[in-house]
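1. predicted model, plus sequence, below.
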Amino acid sequence: MKEKKEVPWGSILRGYEVEKGKYVALSNKDLEKIEVKSGRAIEILRFVDLDKLDSIYFEKSYFLVPTEDSKKPYFLLLEALQSNGKVAVGRVVMHEREHLVALRPYGNSVLMETMHYADEIRDPSDFPELRKPIEVTPEELELASQLIRIMKKPFNLKEYKDRYQEELRELVEAKMKGKEEVYEPKVPEVEATQDLMQALKASIKVSAKR
């Protein structure tokens, strides 16, 4: 039964879904029993090779900056990670939650990457569409490889702009000048095709002219 009434804060319960549509109610006292003590220290658990940590595990990046008293151990850790080609895996408490983290060298700093836990990552076999790969012909593979060779060049992040933000700024500037600009959606039309060879040849032809 639905009523358009505001529920008092004291009447709101937290719940943990154990099955679809079934919840176990949790009180603040229940949660206090498992509350993780917060702190600024990072507990290092082990050191691993960077290539053993797939980027799918990484969530958010944070620059770690040392205090005046911790500069020596900070830069010692940085140089040790750099010279040994390792990454430190540890845990830290932020925002009342314990996070698994990876500490890795980035320039002249230590970058902390918060990481997903294993049960938060989907397995490709979970998707029916990926369980049986479609075979490609040697000719299709060669054309795709040719396209990659043509479009290959050094990666420069500065070449890529946030187009939404650019158009938003243009819209704001136009409104500040009292103009009512009309912006058409710039979504390229893509035709579905079953002729992969023809599509690859067309892409190669366009890319070769750039």
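-> Yep, that arrived. Residues are numbered from 1 along each chain as shown.
2. could you list the domains of this structure?
-> Using automatic domain parsing, the domain parsing of the chain gives 43-120, 134-185+192-208.
3. need the ones you listed in a markdown table with distance to Lys20 and mean pLDDT, can you?
-> C-beta coordinates here come from the backbone N, C-alpha and C atoms, glycine included. Below are the domains of the chain laid out as a markdown table (distance: least, Cβ to Cβ, whole Å; pLDDT from 0 to 100):
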| stretch | distance to Lys20 | mean pLDDT |
| --- | --- | --- |
| domain 43-120 | 18 | 93 |
| domain 134-185+192-208 | 33 | 79 |
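4. and those: which comes nearest Ala25?
-> For Ala25, the closest of the domains of the chain is domain 43-120, at 19.7 Å, according to Cβ to Cβ.
5. three-state assignment of the residue nearest to the spatial centre of the chain?
-> Against the mean C-alpha coordinate of the chain, by Cα atoms, centre = their mean, the closest residue is Glu59 at 5.0 Å. Look at Glu59: counting by DSSP: H, G, I helix; E, B strand; the rest coil, its state is strand.
6. residues contacting it?
-> 113-116 (Cβ atoms under 8 Å, 6 or more residues apart in numbering).
7. so which of those residues belong to strands?
-> In this view, the contacts of Glu59 that belong to strands under DSSP state E are 113-115.
8. which parts of this structure are helices?
-> Along the chain, counting by DSSP state H, helices occupy 28-33, 71-84, 138-151, 163-176, 196-208.
9. got those as JSON lines, with mean neighbour count and distance to Leu64 columns?
-> Converted to JSON lines, those look like this (neighbours: other Cβ atoms under 10 Å; distance: least, Cβ to Cβ, whole Å):
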{"stretch": "helix 28-33", "mean neighbour count": "9", "distance to Leu64": "29"}
{"stretch": "helix 71-84", "mean neighbour count": "13", "distance to Leu64": "7"}
{"stretch": "helix 138-151", "mean neighbour count": "13", "distance to Leu64": "36"}
{"stretch": "helix 163-176", "mean neighbour count": "11", "distance to Leu64": "28"}
{"stretch": "helix 196-208", "mean neighbour count": "13", "distance to Leu64": "41"}
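10. surely Leu78 touches Ser109?
-> Yes - at 7.2 Å, Leu78 and Ser109 qualify as touching, with contact defined as Cβ atoms under 8 Å.
11. if I look at Lys175, how far off is Arg169?
-> 11 Å (Cβ to Cβ, to the nearest Å).
12. picking up where we left off before, who wins for proximity to Lys52 among the helices of the chain?
-> Closest of the helices of the chain to Lys52 is helix 71-84, at 13.6 Å (criterion: Cβ to Cβ).
13. show me what the closest one is packed against.
-> Identification of packing neighbours for helix 71-84 by 3 or more Cβ pairs under 8 Å, 6 or more residues apart in numbering; DSSP states H and E yields strand 86-94, strand 97-106, strand 109-115.
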